[in-house]
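# Kindly return the folded structure for what I paste below:
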Amino acid sequence: MFGKAARMVRHLDATGVGLPPDHTIAVDAPDAHATDALTAARRGAYAPARALLAVTREKANWILRDESVRALAEIAVDDAAWLNAWQAKSPDDPDALVVEAFRRIAEAWKVRTSAYGKDVAPDQFRAFLALLNDALPAIEAAVAASPGDPVPWSAALTHCRGAQAPRDIFDDCLLHALTCGPHHLPTHLQAVQFLAAKWYGSHKEMLDYAARAATDAPQNSPVRALEVVALTEVDIETDGRDRRSRKNGSEAPLNADQIDKIIATAQTYSTSRPPEDHDARLIRNHLAWALNRQERWAESLDVYRSIGRYATSSPWQYAASPLQAFLHFRDHARSQLAASIPRNGTVPAPTVPVPESVEPRAAKEIAYVPTSPQRASQELLLCGATVRLAPAGRWTLMEAAPSQETPGKRGRRATLLRLDGLAKVAETAFNAPQLTTLVAHCEGGDARALTVVREGRTAARHRWAGPGTTPSQETAQQHAELFVAAAGSGDAREVARLLRDPGEPSELLTRTLATLGLPPLPIGFGERAEVLADAQRATVHQARSLWQGMKDFMSDDTDPNPPLQLDGQ
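Purely as a prediction, here's the structure:
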């Protein structure tokens with residue numbers, strides 16, 4: 001066991017080559033063409049959305065149209081004033097009608113939630129069905145207003161699933177949708193869900209459908225790899241009930257050769273697309289899930305490299321919150337691969353192009369730890385990270401510092417089990433409830449972020465990146481309450497307003513910290529690393545070996561990490 005752990009620590013850094021840091025990962029990031037329209041809608045203006053959707057309809061860009069309509073509908077669930085104004089001005093506009101149809105559907109599913117039917121309360125289910133019934137006229141109006149458009153039919157298919165429509169009704173809607181767009185991925189995804197064993201079909205029926213759709217699709221279409229999405233549904237269902245059945249002698253829905261063939265098809269599609277390709281996002285995320293489940297660690301990390309910064313909610317939402325699950329599965333693949341490499345072996349080099357966005361750079365982060373530098377240093381002993389600590393009232397400010405492992409040279413940023421950011425350091429070191437830590441991040445471009453780490457895990461994370469990245473009112477309020485609780489002060493309503501403001505990220509982070517009553521960011525934050533180097537009474541906590549860390553941790557010395565002489569002093 002110790003040998004495995006030693007190999008993991010020895011090789012872990014090498015497994016991270018080409019992977020973007022945790023704090024840069026975005027879930028369901030909007031297409032760049034849609035950001036202005038989404039930002040305007042959040043501010044109450046519909047003209048950019050009207051212009052965008054008109055272009056997608058005229059150019060038959062059904063993928064962008066579907067994504068944009070769904071995103072706009074989610075915004076309208078929180079505040080429909082702009083959509084109501086649009087419909088009042090142009091009641092027959094097919095684009096406004098399709099957004100309204102999806103808004104009604106989203107509103108209904110928000111009441112139901114994504115839980116299994118057995119876990120939905122009877123009153124929730126009644127309200128869900130009532131809202132679906134109210135949505136039907138809106139769906140019919142959207143379908144009638146835009147002949148040849150598969151997107152309204154996606155709303156109809158979602159309605160069929162929720163309303164428990166008879167099979168012939170679903171088949172008829174599916175036929176209409178495929179007539180409009182034979183290779184429209186969202187249509188096929190709806191069919192896979194309806195035919196899944198957890199809804200109204202079976203593993204075989206769903207897999208057969210996915211295979212037929214994939215065979216008929218063009219080589220460059222993501223539908224070509226649809227079976228890997230169906231494989232996830234089989235995996236989720238067989239993880240419990242069918243696993244028990246197999247122990248009793250029942251046959252698995254797929255054998256190893258069939259699974260390998262599905263994965264190989266998805267890998268072929270993935271490698272044919274450039275890194276961080278928008279159209280390949282969903283397939284790649286499902287492919288990474290499948291490879292993880294098959295314990296094919298090196299191959300899964302190549303897919304994570306191709307995914308880059310762009311996670312999707314599906315399939316990770318099956319395990320936990322999508323972002324947390326994505327990062328957990330990715331870290332697990334890294335640690336398992338590292339542990340499998342012989343002590344004197346080497347980690348396989350990436351076999352796929354690495355996204356240009358993945359560039360080695362010094363972290364520009366500041367953590368706010370609610371304790372003294374001496375206590376923080378004590379907690380960091382078993383962590384293995386080299387950081388600089390500076391007192392700031394009741395808080396200790398913390399930043400990454402250069403390791404001094406190599407005399408005369410500027411060392412690498414020390415890591416322990418992929419501590420590529422201060423949030424990871426805090427998760428490892430500060431797991432006591434009274435050590436809830438906030439981390440301010442400066443990310444690529446002008447983006448800024450704020451994270452809360454509580455009891456060894458990231459409890460909330462908000463990212464300001466300008467137009468198109470505003471969270472829902474519900475999410476903003478939840479995060480605001482967690483930020484206020486972590487800081488011990490502040491107005492959650494004002495913080496939520498700042499989280500939803502699409503303005504300049506640096507200013508919004510500064511105002512949020514001030515609202516929370518936190519010390520201001522050091523001068524130079526975002527422009528250079530190690531902004532605490534000149535802070536009064538700043539000390540450097542040097543990374544230790546696991547053995548030395550344990551020895552120091554057990555010491556009775558009240559200050560096991562005295563101030564160190566810094567470079568140039």
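
# what about the strands in the stretch 451-569 of the chain?
For the stretch 451-569 of the chain, the strands defined by DSSP state E, counting those that start in this stretch cover 457-464, 539-541.

# in the biggest helix by length in the chain, what counts as buried?
For the chain, the longest helix by residue count, based on DSSP state H, is helix 122-145. Residues of helix 122-145 classed as buried by neighbour count (16 or more other Cβ atoms under 10 Å): Phe128, Leu129, Leu131, Leu132, Ala135, Ala138, Ile139, Ala141, Ala142, Val143, Ala145. To be clear about C-beta, it is placed using only N, CA and C from the backbone, and glycine gets the same treatment.

# what distance separates it from the centre of its chain?
29 Å (Cα atoms, centre = their mean, to the nearest Å).

# Also stretch 162-174?
With Cα atoms, centre = their mean, you get 32 Å for stretch 162-174.

# ok, now stretch 261-277?
Per Cα atoms, centre = their mean, the centroid offset for stretch 261-277 relative to its chain is 20 Å.

# rewinding a little: so can I have a markdown table of the buried residues of helix 122-145 showing pLDDT?
Listed next are these as a markdown table, based on pLDDT from 0 to 100:
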| residue | pLDDT |
| --- | --- |
| Phe128 | 92 |
| Leu129 | 92 |
| Leu131 | 94 |
| Leu132 | 94 |
| Ala135 | 95 |
| Ala138 | 97 |
| Ile139 | 97 |
| Ala141 | 98 |
| Ala142 | 98 |
| Val143 | 97 |
| Ala145 | 97 |
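
# could you dump the residues you listed to TSV with distance to Ala319?
Formatted as TSV, the buried residues of helix 122-145 follow (distance: Cβ to Cβ, whole Å):
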residue	distance to Ala319
Phe128	24
Leu129	29
Leu131	28
Leu132	28
Ala135	30
Ala138	33
Ile139	32
Ala141	38
Ala142	34
Val143	35
Ala145	39
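
# Looking at those residues, spot the one nearest Ile341.
Among those, Phe128 lies closest to Ile341 (Cβ to Cβ), at 49.9 Å.

# how close does the nearest residue to that closest one once chain neighbours are set aside sit to Asp277?
Of all residues not flanking Phe128 in the chain, Arg112 sits nearest, at 3.9 Å (Cβ to Cβ, 6 or more residues apart in numbering). Distance of Arg112 to Asp277, given as Cβ to Cβ, to the nearest Å: 33 Å.

# got it, and Val55?
21 Å.

# Likewise for Asp92?
Taking Cβ to Cβ, one finds Asp92 at 37 Å from Asp277.

# Tell me which of these two has more neighbours.
Each of Asp92 and Asp277 has its neighbours counted (other Cβ atoms under 10 Å); Asp277 has more, 18 against 10.

# What pLDDT is listed against the more buried one?
The model reports Asp277 with a pLDDT of 95.

# From Ile283, how far off is it?
From Asp277 over to Ile283 the distance is 10 Å, taken as Cβ to Cβ.

# ok, now Glu74?
The value you get for Glu74 to Ile283, if Cβ to Cβ is used, is 23 Å.

# Same drill for these two, tell me which one is more crowded.
Comparing Glu74 with Ile283 by other Cβ under 10 Å, the one with more neighbours is Ile283, at 27 against 18.

# which residue sits closest to the more buried one, ignoring its sequence neighbours?
Once flanking residues are discounted, Ile283 sits nearest to Ala225: 4.6 Å by Cβ to Cβ, 6+ apart.

# In this structure the one you found contacts Arg273, no?
No - using Cβ atoms under 8 Å, Ala225 is not in contact with Arg273; the gap is 10.1 Å.

# So between those two, which is more surrounded?
The residue with more neighbours, out of Ala225 and Arg273, is Ala225; 27 against 17, by other Cβ under 10 Å.

# Which pLDDT value belongs to the more buried one?
98.

# and what of the one 10 residues further on?
Among the per-residue scores, Asp235 shows a pLDDT of 91.

# Pro563 too?
You'll see Pro563 listed with a pLDDT of 43.

# got the contact list for the residue nearest to Phe128?
For Arg112, the contact set (Cβ atoms under 8 Å, 6 or more residues apart in numbering) comprises Val120, Gln124, Phe125, Phe128, Gly162.

# next one: Ala108
Phe128, Leu131, Leu132, Ala135, Gly162 are the contacts of Ala108 under Cβ under 8 Å, 6+ apart.

# Next, it: secondary structure please.
helix (DSSP: H, G, I helix; E, B strand; the rest coil).

# what does Glu356 give?
Per three-state DSSP, Glu356 ends up coil.

# after the helix or strand of the chain with the lowest mean pLDDT comes which helix or strand?
Sorting the helices and strands of the chain by mean pLDDT, DSSP states H and E puts helix 243-247 at the bottom, at a mean of 42. Toward the C-terminus, helix 243-247 is succeeded by helix 256-271 as the next helix or strand (DSSP states H and E).

# tell me which residues in that following helix are buried?
In helix 256-271, counting by 16+ other Cβ under 10 Å, buried: Ile259, Ile262, Ile263, Thr265, Ala266, Gln267, Tyr269, Ser270.
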